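Undergrad: I would like the atomic coordinates for the input below:
(one chain, ligands or ions: 1)
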Amino acid sequence: MKNSCPLCSSKKVKIISKEKNIAFTNLSSELKKFILSYCNNCTFMFQSSAYTKSYDKKIKKVYENYFVNHTFLFPRTDKTIIDSVDFLLPHIKENALLLEIGSARGDFLYLLKKRIPSINILGIEPTQDKVYIPTINSSFSDDLFVNKFDMIVMRHTLEHIKYPKEFVEKLKKISHKDTLIYIEVPNIELNLKNLTEDFEPDHVSYFSLYTLSRVFNNFKIISSSTENFLRVIFSNAGTNKEKNKPKTIMNPKKNIETLYKNKKKFFQYMQNENKSIVFYGVSHYFYFLAYQLSKHISLKNSYFYDDNYKENFEKRFKLKRISSLQNTIVILCSNVPSVQNKMLESLKGIDCHIIKPWSKV
Ligand SMILES: [Zn+2]
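TA: From the prediction side, this is the model:
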């Protein structure tokens, strides 16, 4: 249990939520204890219960067994990844050398290279077995490289790191003076505002634009977007001179309490319902939700709905595709506002009960 802030070392840290038996998206494990803390000095939010040896042991196992979904076509072209490509593209020069840390199958770099064929791409990824771009199969370490990169990409990676500031310092060693660093992480302010849950136990750090800019104190913000995730481009040239006061996150404790209360009510509600259940979207977030729901009810009357999924059968939970959503309970399997809105749009005129995790049931 960590009693000081991993970002600013302040002791002014308070616990804002304690939950039991929180599931890893990977099916095989759960955390007995899940504690979130908030730093009153710098407003950083983190999973204070993760700073133990037993957590490290568990998370290592989770990463080794990370579920690889080969059912999605390569490259994935859903809205969130295309938005990221469009955001980054104007900042990439011809012939640039790009490194992505945590590159998974390589979908993102592949899409960038398709748009600017002269760039050189390299991924580094410890967990994937099948990749589609040149990839080093390893965890990141700065001494793996002798060259400097023009751009370093980290999408949905930094939230898994316990000491992000120390990690980012290592990036300096593989950067030259004009290197750009692209960071994409969940936006904790957005999640709290919309009561969307992003507290998967493999996430340990929860960023706002303010706390992320503190992590990158020795870099300068070139461009940023807070709409669906935090998308920020930092430059190694110059420092973050903004001396803005920390922007206090509004009511983190109250919002998280409401979120978990709504979630509990949802499980109770589902235990008393006989309608067919439809999981809308069978990506990463689906596994997180379906696993938790399966702990409360049987999923034998459950189906899935997803246009991007090529099979008619979902192997992990053994769900069949459904074509008509009439008179069903539809669970939106995403915590991204733009994706949720698109789903809601497509459900217009259909007589079904829509569940948006974790708004009130
Ligand atoms: Zn702090």
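Undergrad: When you work out contacts or count neighbours from here on, use the C-alpha atoms and nothing else.
TA: Fine.
Undergrad: Excluding chain neighbours, what is closest to the residue in the stretch 251-361 of the chain that the ion sits nearest to?
TA: Closest residue of the stretch 251-361 of the chain to the ion, CA to the ion: residue 252 (14.8 Å). Using CA to CA, 6 or more residues apart in numbering and skipping residues adjacent in sequence, the residue nearest residue 252 is residue 192, 6.8 Å away.
Undergrad: For that neighbour, pull up the helix or strand it's in.
TA: Following DSSP states H and E, one finds residue 192 within helix 188-194.
Undergrad: now residue 360
TA: Short version, using DSSP H and E: residue 360 is in no helix or strand.
Undergrad: Excluding chain neighbours, what is closest to it?
TA: residue 262 (5.5 Å).
Undergrad: Next up, the contacts around the one you found.
TA: Each residue near residue 262 by CA atoms under 8 Å, 6 or more residues apart in numbering is listed here: 358-361.
Undergrad: Distance-wise, check it relative to residue 336.
TA: In this view, residue 262 and residue 336 are 18 Å apart by CA to CA, to the nearest Å.
Undergrad: Helix or strand next in line after whichever helix in the chain runs longest, which one?
TA: As assigned by DSSP state H, the longest helix anywhere in the chain is helix 252-271. Downstream of helix 252-271, the next assigned helix or strand under DSSP H and E is strand 277-280.
Undergrad: just to revisit the earlier point, can you read off the pLDDT for the residue of the stretch 251-361 of the chain closest to the ion?
TA: pLDDT recorded at residue 252 is 89.
Undergrad: Quick one: neighbours of it, just the number.
TA: 19 (other CA atoms under 10 Å).
Undergrad: The helix or strand containing residue 108: which residues count as buried?
TA: Using DSSP H and E, residue 108 sits within helix 107-115. Of all the residues in helix 107-115, those buried under the rule 16 or more other CA atoms under 10 Å are 107-112.
Undergrad: Check the offset of the helix or strand just after it from the chain's centre.
TA: For helix 107-115, the following helix or strand on the C-terminal side (DSSP H and E) is strand 120-124. Centroid separation between strand 120-124 and its chain, computed with CA atoms, centre = their mean, to the nearest Å, is 21 Å.
Undergrad: what's the angle between strand 120-124 and helix 107-115?
TA: 180 degrees (axes from the mean of the first three to the mean of the last three CA atoms, to 10 degrees).
Undergrad: Show the average pLDDT along strand 120-124.
TA: 97.
Undergrad: quick revisit: by contact count, what packs against the helix holding residue 108?
TA: Secondary-structure packing of helix 107-115 (3 or more CA pairs under 8 Å, 6 or more residues apart in numbering; DSSP states H and E): helix 79-88, strand 120-124.
Undergrad: Now the first one: average pLDDT?
TA: Mean pLDDT, helix 79-88: 94.
Undergrad: Ok, stretch 342-350 next?
TA: Mean per-residue pLDDT for stretch 342-350: 95.
Undergrad: Kindly report the same for stretch 188-198.
TA: Across stretch 188-198, pLDDT averages out at 91.
Undergrad: Need the residues that contact that stretch.
TA: 186, 206-208, 227-229, 249, 252, 255-256, 258-259, 335, 357-359.
Undergrad: just stretch 120-136 next, same as before
TA: Residues outside stretch 120-136 that contact it (CA under 8 Å, 6+ apart) are 63-66, 68, 95-107, 109-110, 113, 137-140.
Undergrad: In strands only, show me those residues.
TA: 97-101 (DSSP state E).
Undergrad: of the residues you listed, closest to the ion?
TA: For the ones in strands among the contacts of stretch 120-136, the nearest to the ion is residue 101 (25.4 Å; CA to the ion).
Undergrad: Please name the bridge partners of that closest one.
TA: residue 124 (DSSP bridges).
Undergrad: In contact with it, which residues?
TA: Residue 101 touches 123-125, 140, 152-155, 157, counting by CA under 8 Å, 6+ apart.
Undergrad: per-residue confidence for it?
TA: Reading off the model, residue 101 has pLDDT 97.
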